[in-house]
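Colleague: this one's structure only:
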């Protein structure tokens, strides 16, 4: 009888981040979108997100409360050539002022 022992080793492999296009939607549409302090347009808007791990996005529309969200990259399947990426689309409901 033979016995085979396997030893698993974990190593951190640097992942190359890459820019990626994503679309932002709000309900209702037409909110001004600010990405890391820079206005990029009104929803719905498609932009190329930076090759960083985290961004901050803000939505503003008259009659609605402003909404600020910190977004982080989501891991993609191991072995994927994309490495880690952003979502393809983000949707945010806005809350009406009272």
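Modeller: Looks like it arrived, so ask away. Everything quoted here is computed from the prediction, not taken from an experiment. Numbering: from 1, shown residues only.

Colleague: wait, residue 36 touches residue 56, no?
Modeller: Yes - judged on Cβ atoms under 8 Å, residue 36 makes contact with residue 56 at a distance of 5.6 Å. Placement of C-beta: from N, CA and C, glycine included.

Colleague: check which element follows the one helix or strand in the chain whose mean pLDDT sits lowest along the chain.
Modeller: Sorting the helices and strands of the chain by mean pLDDT, DSSP states H and E puts strand 84-85 at the bottom, at a mean of 50. Sequence-wise, the next helix or strand downstream of strand 84-85 (DSSP states H and E) is strand 89-93.

Colleague: average pLDDT for that next one?
Modeller: On average, the pLDDT along strand 89-93 is 88.

Colleague: which other helices and strands contact that strand?
Modeller: In terms of contacts (3 or more Cβ pairs under 8 Å, 6 or more residues apart in numbering; DSSP states H and E), strand 89-93 is packed against strand 20-27, strand 67-72.

Colleague: at 7 Å instead, please
Modeller: The contact analysis (3 or more Cβ pairs under 7 Å, 6 or more residues apart in numbering; DSSP states H and E) places strand 89-93 against strand 20-27.

Colleague: who does the strand it packs on pair with, and is each partner parallel or antiparallel?
Modeller: The strands beside strand 20-27 in its sheet (DSSP bridges) come out as strand 45-49 (antiparallel), strand 89-93 (parallel).

Colleague: which residues outside the helix or strand just after that strand are in contact with it?
Modeller: Sequence-wise, the next helix or strand beyond strand 20-27 is strand 32-35, with elements assigned using DSSP H and E. Outside of strand 32-35, the residues within contact range by Cβ atoms under 7 Å, 6 or more residues apart in numbering are 24, 39-43, 45, 47, 55, 57-61.
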